Structures are given as C-alpha cells and as structure tokens.
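1. Got a predicted structure plus its sequence, pasted below:
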Amino acid sequence: MPDQATDETTLFRQSWTLYDSISEMNYMFHREIYAQITTLLSQRRAIGPYSLLDLGCGNSRFIAPCLKAAKPSRYAGVDLSEAALAEAREYLGGLENVALHHQDMLQALQTTEASFDVIFSGYAVHHLDAKGKQDLFHACAAKLAPGGQFILVDVVREEGQTREHYLEGYLNFMRTQWTAVRPDHLEEACDHVAAYDFPETFSDLKSMASAASLTNVRLLDRFAQHHILVFSV
Ligand SMILES: C[S@@+](CC[C@H](N)C(=O)[O-])C[C@H]1O[C@@H](n2cnc3c(N)ncnc32)[C@H](O)[C@@H]1O
C-alpha cells in the first residue's frame, strides 16, 4: 500500500490519540456496540472454535475484551496504521494465535488463502468508495467459511439521504455532542469525516451484500447513525 494512502485515509498518523479519546468518551457508542459484539462472539464460540478476521482493527482496544470473553482459535487484524497496530499488540496481549497485518483491508482479503468463521469490521468500511465496498462484500463472501458471518459496525445514511445531507447532520452531531473534545481537535476530526466518510444506506449495503450472495442480512441494533449489521449466506 502506498504511504500516501496510509496517511490520507486515517486519523491515526498524527492524531491517533484523538480517535482513541473520542472512543474513550463513547461518542460513537463503542460501549453499547462492543457489548453486543461480545454477545455475538460468545454465541459463535458456544457452537465451536472459530477464527476471526478484523478489517481496519485500529488498536483493537474495544474488540480485545470481546475476544478475551469469547476466545477465538485465531485472530487476524488488518490496518493501514502502524501506530495503531503497535498498540493493538499490547491490547491483545494474552490471546493466542494473533497475527497483525499492516495492509489495505481489501488487498488483505483478496490475497489471503485462509478462510474465517467471522469477518468483523468496526468503523472502517465507510472509508471505501461504492466499488470498494462492493468488492469487499465479494471478497468477504469468498473468504467466509461455511456458516460464517460478516459483522459490520459502521455509520449508515438514512434511506434517500444524500452524502451532503448526512455530513451536515453528522458534523452537527459532533460539534454539539462531542463537548469534551478540544475545539482544534474537534475541527480536525470534522475535517477527516468531511473528507473520508462515504457511508451507504442500509438498502444499498443489502444490495451489495446480496450481489455477493450474502442474502441473509440482520440489522442487530443501531445507536443514531452507528449500526451493527450481520451478513451471511
Ligand atoms: C475509525 S477506526 C476504527 C478502529 C476500530 N475498528 C474501532 O471499531 O474502533 C478506522 C480504522 O480503519 C483503518 N482503515 C481505514 N481504511 C483502511 C483500509 N483501506 N485498509 C485497512 N485499514 C483501513 C484506519 O487506519 C483505522 O485504524
């Protein structure tokens, strides 16, 4: 992956601690959402050993406790940010069979020969354009083991809402609700969202998944624009 893409698609180059503090303050509902991820993974663990691929894992801070509660036989995390991956190594300490890859998630999916029982992605897929997301669904479908599921946590646009309208609402949400973030940091985060967030509507995501044979789709829950979706064959 070229360095330029590494730098441009992530908040983590200079401001890794900014995203970390935003998630620490639960402005993107990490607590509620990852509690449900623990439940999903525990249900999967109850039927047998499972492997998990985490696309855009960041520092794995929020998935780590879920993994510790429902231990996978193998965890692979993929991210463009070396700084985030360095922290992930710490958060994932104590878990066995952990591999972290400094790679583009689509490339990682398309080049791995392994298959996974669970493919997970938290707040990363909205960085891809529509074609990238469609390619990602195809690649996920190809790499899911029989009975596998793709769990997607991400921001989603309302039906019929344009990206511009979505951004207006989300930036307003950030500026009015993220009150503990320093004003200069808040503007940096707003700039990042305005430049790199390309969320789809739920029906567009369903169509993309369905085109990739992932026809079984569940909206597990949502907290404002932040959704938990589960796709399977
Ligand atoms: C907002 S953070 C989410 C981190 C974590 N998954 C969570 O739920 O909090 C998005 C992550 O996706 C990574 N990312 C963005 N585009 C990517 C791509 N094409 N391939 C791999 N990682 C990517 C960023 O580096 C960043 O670590």
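-> Structure's in. What do you need?
2. For whichever strand or helix holds Ile33, enumerate the helices and strands it packs against.
-> Taking DSSP states H and E as the definition, Ile33 sits inside helix 30-46. Contact here means 3 or more Cβ pairs under 8 Å, 6 or more residues apart in numbering; DSSP states H and E; on that basis helix 30-46 packs against helix 63-69, strand 116-122, strand 144-155, strand 216-223, strand 226-232. Using the backbone N, CA and C atoms, a C-beta is placed for each residue, glycine as well.
3. Could you list the low-pLDDT ranges of this structure?
-> In the predicted model of the chain, residues 1-16 satisfy pLDDT under 70.
4. still on that earlier bit, can I get the next helix or strand along the chain from the helix holding Ile33 in CSV, CA atoms only?
-> For helix 30-46, the succeeding helix or strand toward the C-terminus, using DSSP H and E, is strand 51-55. Only the C-alpha atoms of strand 51-55 are listed here, as CSV (Å, rounded to 0.1, in the frame of the first residue of the first chain):
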residue,chain,number,x,y,z
SER,A,51,-11.5,-17.8,13.6
LEU,A,52,-11.9,-14.1,13.2
LEU,A,53,-10.5,-11.6,10.7
ASP,A,54,-10.8,-7.9,11.8
LEU,A,55,-10.7,-5.4,8.9
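5. before we move on, back to that, could I get the buried residue list for the helix holding Ile33?
-> Buried residues in helix 30-46, counted by 16 or more other Cβ atoms under 10 Å: His30, Ile33, Tyr34, Gln36, Ile37, Thr38, Leu40, Leu41, Arg44, Arg45.
6. What of stretch 80-88?
-> Buried-residue list, stretch 80-88, by 16+ other Cβ under 10 Å: Leu80, Ser81, Ala83, Ala84, Leu85, Glu87, Ala88.
7. Would you reformat those as a markdown table and include secondary structure and distance to Ser21?
-> Output for the buried residues of stretch 80-88, formatted as a markdown table (DSSP: H, G, I helix; E, B strand; the rest coil; distance: Cβ to Cβ, whole Å):
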| residue | secondary structure | distance to Ser21 |
| --- | --- | --- |
| Leu80 | coil | 20 |
| Ser81 | coil | 16 |
| Ala83 | helix | 14 |
| Ala84 | helix | 14 |
| Leu85 | helix | 19 |
| Glu87 | helix | 13 |
| Ala88 | helix | 17 |
